[in-house]
Structure formats: C-alpha cells, structure tokens
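[1] here is a sequence together with a model predicted from it:
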Amino acid sequence: MSMKVSAPDGVKVYNVSSSKNVPQWLSESKKREQKKNEEFRRRLELLQDFRFNAACQRIKISPDQQYIFASGYHPPQVKVYDLANFSMKFERHLDSEIVDFQILTEDYSKAAFLCADRSVCLHARFGSYYKLRVPRFGRDIAYAPFMAELLVAGSAPEVYRINMEEGRFMTPLACKSPAVNATGLSPVHGLFACAGEDGVLECFDLRMKSAAGALDAATNCGAPGQELTAVRFDDAGLQVAVGTRNGLVGVYDLRSQRPVVVKDHMYGSKIVDIKFHASPGDAGGNSRRIVSSDRHICKIWDINTGEGYTSIEPTEGDINDVCLWPNSGLLMVGCDASVIQGYFIPSLGPAPKWCSHLEGLTEEMEEAAPSVYDDYRFVTKNDLVKLGLDHLMGTSLLRAYMHGFFVDNRLYNKAKSLTEPFAYETYRQQRIAKKLEEERESRISMVKKLPKVNARMAAKLMAQEAEAAAAAAGDPAAIAALKKKGALPQNGEAAPVPNIMADKRFGAMFEDADFVVDENAEEYRALHPNAGHRAKAKTEEERLLQEHFEQVSEDGQGSSGDSSGGDDDDDSMDEAPARAERPSKKQHKKDGLGVSNGGVSKAAAQQGKPSKGPAMYAAKDAASLQAFKKRESRADTLELPLAERVGRDRSAAGSSNPGTRLGGSREIKFVPHMAPDGVRGR
C-alpha cells in the first residue's frame, strides 16, 4: 500500500490519505484507464469517498463509535460514514453553511446543525425534522444530555438555551463578555464554560442562573486583551484548557487561577481546537498529552511539562477541525482541501478496531524502510571536514547517528554554497555538454560495442552473459567452465544471466562519469586484493610480447620485414633454422599469445585504423621465444658488447656443445691450413 511517513522529533507519523485520488468529474473511460496505474491500484483509503468537493469544516464521532459525521461547504452538506462497511451511509444538503453541529443520540438518528443564517436545523433518521432561528449569529453549539438542552453561543453577551424535551427557549445565560467564541461542557460534573471575546473564561452551573466563576485566562497566559477561541475540559473534570487568538494554549486546574503550563504554537494564528489524550492502560497519568491545533499545525505535547512530543503539518489547506479517536493513535484532520486527512501515530496509541489493518501496514513499512527525516541530511565525518563544519561536533546542531551525523538541510546547503561556490555552474556545464552529446548521437548513427564509462566492467558482464547463454544452449565447454567456477546451479541447468546494462536501474552506471569505478582507490583494492597484481602482470606481459615478438601483417610478412625479395640461397639457408624453431599457430594459441583480439596490425596502424580481425604474432628468433617462456627480458643483454654476449651464451649453453649458441644460430669457425711450403693459405 502507498503511505507517506515522516518522523518529526523522531516520532513516526503515517499519512493514510496521501495516495492518489480520482476526481468525481472524470469520465468513465479515464477512470478505467486509472486501473492500469500501479500507484492508483496500491492507494490506501481510510473510508470510501472520505472527501468533499471543496473543504471539510467539522468532524465528530458518534457516542457508540460506529459512525463518523463530517460537514463541508460548496455546497453545504453533511456526510455520515458507516465504519462497519467502510463506506458512506448517507449525505444531506442544507440551505446554509454549517458552523457547528452536535450528535444528540448514541447513533446517527438525531443531530442538530447550527448554520450561518442564524438557523438551527434538527435532523432525524429519515431527514430534516424541524428548523428554528436564534436571535443572533451563532459561533458554537453544545448539548447537555442530562438536561436535554441545546446551548447556542454567538455574537451576543448571552447563551441561548433550547429545551429539546419541552420544545421551547429557556432563559438565556447572561455573560460578562460582549460575545462568546467557544463553549465546553464537562462530561463529569456538568460545568459549562464560555470562552469570551475579551479573554475572560466564565463557568456556569446549568442549574443556576448566574455564573459560578470567572477568570481572565488570556491575561494569566501572558496575552492580555486577546480573545479566547477554544476551550476544553479533560475526562477527569479537574483541568480545563483554553486557546487564544495569538496561538497560546493554557492549561488550568479548576482549583487555581494560575495556569499549570502555557504552550506557544509560534505561528501567531488562533487556536481552533484542543483535545486531551491519554494512552491506553495509563493508570498513573504519566503519558497524558494535549492535541492542540491552529490554522497551520497540529501539535501534541505533554500536559505536565509542555514538552513537544510530535507535530502534524498538513500540506494542503488550513486546518478547520481535528478529530482524535479515543484511546488510539488515529487523527482525522478537516482542512480547506477536498480530502479529509488521516494520520496514524503508532507510538501514541493502537489503531481503532474498525481499521486495525493499519497496525500490520505500519509494521511492514518499518521492516522495509528506515525512518525518513524530511528536514535533515545524513553526513559522515569526512563530509563535515570538507564542509568546514567539523568544529560543530558535540553541539546541538549535529545529532550523532551510527557512523555519522544528522545536520539541518538549511545549514548543509549554506555550508555547501560557501565551500563550492561554482558547483551550480559546473553542474550547468555538465548538463549542457550532455545535451549536446545527445543531439550529436541523434544526428549521427554510432555503433558502440562498449560504453565509455566502466568499459572494463561492461566487458566482463558481457562475457559472463555470453558464457551463460552458451551454457544454457548446451555448450559443453561453457558448462565445464561454469562448473570450474562453481557458478552452475545445483540442478545442473545453467540459467541465462540478466542483462544488467539494459536494466534502467543501472543505466547511469555506464553513462554518468560520476559512477566510474576507480580501480586505484583503497576501497576497491580492499575488496579486490588481486586486481593490482593482475594489472601489473598484464602490463609486464604486454611489454615482453612487444620485445620478443613481431606482428605478422596481412600478407604473411613480419612487421619488421624490410624484405628485399632476394633469392639468395645462403640467406634462405641462414633463415631456415629460425623458421624451423618458430612456434606454430597452435603453439602460440596454447601459450596464450598467438592471437590477440585487441591488437593492431601494421597496415592498419599506418592508416590509423584498428584492425577488424585478430592480430598474429611471431617470435623474432628462438632466443626471444625461450626468454619469453622464462618471462625474462633480453634488453640488458643486447646492450652488452659482442664478446661479452658470446661469453654469456657459451657459459649458459655448457660444455656439452660449445659450437651451438643459446640463441639457436650456428657459430662458424675459420681454421687456416698450412701450405706444403709452410706458407698460410690465403
């Protein structure tokens, strides 16, 4: 499934509504085409059609926790979702925009909607039941079930009471504030709180006509004169939290006039909602938290210390309302966006029973991928030295993790721009050169056997692929080679090797110069300890080949052959032993030096073109052949005078055949004979 995950403050937050959505106005043919989209097929929806055309205003849960009510606008409507079937049960349209609403029964059968046109709409199971109007525009509505009264607060210094049992207005509650922005009712002792426009918090006992107490909450929170925009009682009934228009949240104990803790959202935006949350099984109350929201962010923090636990910042639209599922880690956020955002925080609490599958999905994602830090970058110690940030080690700007550190992206980008001021210009030039190269390739058809980048590795992969293909075709030599390497499967059947060069995932490895494998690097030598010896041996072998052999041209003559075409029999006789001792083509192939696929013939070298066929080599003489077999060089010997060379050859040949040189050529001796008259012959 597709879920985005973030980890602000190290707490994983899963967005369960971040998948791709299809608009309702899309044609049926386009919708059918979306079924072929892999991302759309793997999307995750918390509830079917859990969205509005324009935006969502309010979200509430029925007391039996079987239904979800959500209201939206453009057009004004309310939707009820059946959690047992993961779908919408019904939707109803109203004449005016819904300001707030209350569920009057345990299920979905009765509800009251406060609208922007001063009307209160009462709905039953079958639909709209009754509609009445209040004297002033309403801003909030509450329901007292133990008295069956609707309490409507608005732009007036009083709270209107509507008795649902008697069907009439009761005497309103007189307030000191010129207007009331929000109300709250304690489920324990029934105390009714009003958040005034002048920053005063008033509490009423609904059995009395006057206020039980009043408190200048805004001034005590450090924001004198600011309006109170939100109020909420906790489940125990001993604490109340208020929110101000400038983004402060104060938690009060009903027995004290001073706030226990004050939390600043740092956005300067009004607080739109406050919720109390307690983890399941928390008997001591040590993990009680508050979920407070303004128009930009939803913060979760400790109720005793005010220390932040985590935060949720929707990417689309301002926040209108937050619905927290009781004793769980599921939050639903209504924003100025069509889709109702759903967030799941496993560390905050388990998933609700109706969507328990979220537990398994998050566990799978934790096993598959690590945490994602959107605002931080992982760097090693060497990277810090290059960026000039190594002096920050041990400070709060660097967070140690595994073999490196996490650094803020803003600090990293600033240091990067200072250390490499021309990095962008270099990148721009590389992009231009790459585009020009692509244009040239499109105009000129070029056949490339090997890529320019990592050609040695590409040749090795191509050779492995060809060998595997030959073995799969049944070539006994290729099968024997694979057996020797131990690369043949246990079933004895060779399978073709996948073409890595054709795989898009590894395409940049053979195209981008940033991926060049440096065989001289220490890391490469540590992983391939024999690579240096092989390269050195190959270089030595090429040098010996050039010294002791000469390349045979296409007409069968040697590369050094300035042959005059002479027919002298003596020359033929002198060259006969050398030809006799030259190794045959088969012998050259046996020694691994007779044929070179990468060689260049003399004729081709003169023309500056590589030869198309294999290059043939022949030994210069028998002495060169013997020296090549022994892996010896005769360069030092050839620089000696003739007398010293002859002496070395005789000592090397031994006394068994002093007339034969080691090189294979015959030594001719001229012995003068005496004439009968005692005079030497001339």
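    That came through fine. Numbers count the residues shown, from 1 in each chain.

[2] first to last residue in stretch 50-63, what's the distance?
    20 Å (C-alpha to C-alpha, to the nearest Å).

[3] show residues contacting the top helix by length along the chain.
    Longest helix in the chain, counting residues (DSSP state H): helix 423-443. Applying C-beta atoms under 8 Å, 6 or more residues apart in numbering, the contact partners of helix 423-443 are 416, 417. Any C-beta I mention is one placed from the backbone N, CA and C, and that applies to glycine too.

[4] equivalent analysis for stretch 209-223, please.
    Counting by C-beta under 8 Å, 6+ apart, 171, 173-176, 191, 199-205, 224-228, 242, 244, 246, 248, 250, 252, 257-259, 262 sit against stretch 209-223.

[5] again, only this time at 6 Å
    Stretch 209-223 is contacted by residues 199-205, 226, 242, 244, 246, 248, 250, 259, 262 when judged by C-beta atoms under 6 Å, 6 or more residues apart in numbering.

[6] mind listing what's buried in it?
    For stretch 209-223, burial by neighbour count (16 or more other C-beta atoms under 10 Å) applies to 211, 215, 217, 218, 220, 221, 223.

[7] next one: the spatially closest residue to the fourth one that is not a sequence neighbour from residue 151, what distance?
    Take residue 218 and drop its neighbours on the chain: the residue closest to it by C-beta to C-beta, 6 or more residues apart in numbering is residue 199, 2.9 Å away. Computed with C-beta to C-beta, to the nearest Å, the distance linking residue 199 and residue 151 is 21 Å.

[8] swap in residue 191?
    12 Å.

[9] if we can go back for a sec, of all the buried residues of stretch 209-223, which comes closest to residue 83?
    Nearest to residue 83 among those, counting by C-beta to C-beta, is residue 217 at 36.6 Å.

[10] can you count the residues close to residue 406?
    Neighbour count of residue 406, defined by other C-beta atoms under 10 Å: 17.

[11] quick check, it in contact with residue 377.
    No - when contacts are counted by C-beta atoms under 6 Å, residue 406 is not listed as touching residue 377 (7.1 Å).

[12] what's the first-to-last distance across stretch 121-141?
    Stretch 121-141: ends 12 Å apart by C-alpha to C-alpha.

[13] next, count neighbours for the residue nearest to residue 218.
    Using other C-beta under 10 Å, residue 199 has 23 neighbouring residues.

[14] what separates the longest helix of the chain from the chain centre, distance-wise?
    Counting by C-alpha atoms, centre = their mean, to the nearest Å, helix 423-443 is centred 27 Å from the centre of its parent chain.

[15] tell me the mean pLDDT for the helix or strand just after it?
    Later in the chain than helix 423-443, the nearest helix or strand by DSSP states H and E is helix 455-472. The average pLDDT within helix 455-472 is 80.

[16] toward the C-terminus, what is the element adjacent to helix 455-472?
    With DSSP H and E, the next secondary element past helix 455-472 is helix 476-485.

[17] tell me how far the helix or strand following that following helix lies from the chain's centre.
    As assigned by DSSP H and E, the chain's next helix or strand after helix 476-485 is helix 522-527. The chain centroid and the centroid of helix 522-527 are separated by 28 Å, computed with C-alpha atoms, centre = their mean.
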